[in-house]
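[1] Predicted coordinates and the sequence they were generated for:
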Amino acid sequence: MTLLLSGIGDQMLSLFIIFVFLVILLLVVGHKIKKVDPLKDVPVWLIPWISLVELINNFTKSNIGKRWKRYAPIFLTFGITILLQNIASVFGLVNPTSYMITNAGLAIIAFFVIQITGIRSLGFKGYLKSFVGPVPWLAWLFIPMNIVSEFALPLSLTLRLTGNIIAGNVISMLIKSFKPWTIVVMPFINVYFDLMSGVIQTLVFVILTIIFTSMKIDDSEKITDEN
């Protein structure tokens, strides 16, 4: 019980530090952006931010359609917060995403984004009708399957993210136990499991959320010619 409480305390401390850092970072960047002259060359420090926003905007637009402006900030927020939590160990903090409760919270938010999108796009009746399946007389078979598949999504997102982050931490700990050559290989191990793996898992979570959200949108709304 003491270890459990200690782990939860470390997790909460990491989350607090991450979100305080994120708020300060966004305030500073937002203040600096206001001072940028659009008629002059783009400052070097702003290029990574522009590239990130364009990446999310383009991918969201190609999948979501005309509603992309509403959803791009949501997916960008997902990406930044999950990435910072995935790579927290690089800065000596506990990875909040190594705890299932953190990832469950993220997955539940994604679940509600997806379901609300379906209701707004298809209408409530159309949303319910989507559970019936393509063959009405087989509704008794499709409805339970579709309901289970919907609730399996947040569970899948939770387990996938938790498992990959924990696996990386465990492998890193095992490698650290092999001495004396640990000092030589650990920088490379940390780069992969703490940085590369964190980035990859962030992309997987965000991309899956965008794709499943897109699946709830009526095809007539998936236009890509809107700026």
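    Nice, I can see it.

[2] Return the list of helices and strands in contact with the longest helix seen in the chain.
    Counting by DSSP state H, the longest helix found in the chain is helix 139-176. Applying 3 or more CB pairs under 8 Å, 6 or more residues apart in numbering; DSSP states H and E, one finds that helix 139-176 contacts helix 100-129, helix 182-190, helix 197-215. (Glycine included, C-beta is placed from N, CA and C.)

[3] deepest of the ones you listed, which one?
    Of all these, helix 197-215 carries the top mean neighbour count, a mean of 19, counting by mean count of other CB atoms under 10 Å.

[4] nearest spatial neighbour of Pro154, skipping sequence neighbours?
    Spatial nearest neighbour of Pro154, chain neighbours left out: Ala107 (3.8 Å); criterion: CB to CB, 6 or more residues apart in numbering.

[5] And Phe142, by the same measure?
    Nearest non-adjacent residue to Phe142, counting by CB to CB, 6+ apart: Gly133, 3.0 Å away.

[6] Provide the secondary structure category for that neighbour.
    Look at Gly133: counting by DSSP: H, G, I helix; E, B strand; the rest coil, its state is coil.

[7] on that earlier part again, between the helices and strands packed on helix 139-176, which one is closest to Glu221.
    Between Glu221 and these, the shortest gap by CB to CB is with helix 100-129, which sits at 6.1 Å.

[8] how far out from the middle of the chain is that closest one?
    Distance of helix 100-129 from the chain centroid (CA atoms, centre = their mean, to the nearest Å) equals 15 Å.

[9] any idea of the mean pLDDT in that helix?
    Regarding helix 100-129, the rounded mean pLDDT is 92.

[10] next one: stretch 132-143
    According to the model, stretch 132-143 has a mean pLDDT of 74.

[11] For it, which outside residues touch it?
    Contacts of stretch 132-143 with the rest of the structure, by CB atoms under 8 Å, 6 or more residues apart in numbering, involve 131, 146.

[12] Keeping just the C-alphas, turn it into CSV.
    Extracted as CSV, the C-alpha positions of stretch 132-143 are listed here (Å, rounded to 0.1, in the frame of the first residue of the first chain):
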residue,chain,number,x,y,z
VAL,A,132,-27.7,-1.6,-36.7
GLY,A,133,-25.3,-2.5,-39.5
PRO,A,134,-25.8,-2.9,-43.2
VAL,A,135,-28.4,-5.6,-43.0
PRO,A,136,-31.5,-4.5,-40.8
TRP,A,137,-32.8,-8.0,-40.3
LEU,A,138,-29.5,-8.9,-38.7
ALA,A,139,-29.6,-6.1,-36.2
TRP,A,140,-29.8,-8.5,-33.3
LEU,A,141,-26.3,-9.7,-34.3
PHE,A,142,-24.7,-6.3,-35.3
ILE,A,143,-26.0,-4.2,-32.4
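
[13] In it, which residues are buried?
    Neighbour counts using 16 or more other CB atoms under 10 Å place 133, 142 of stretch 132-143 among the buried residues.
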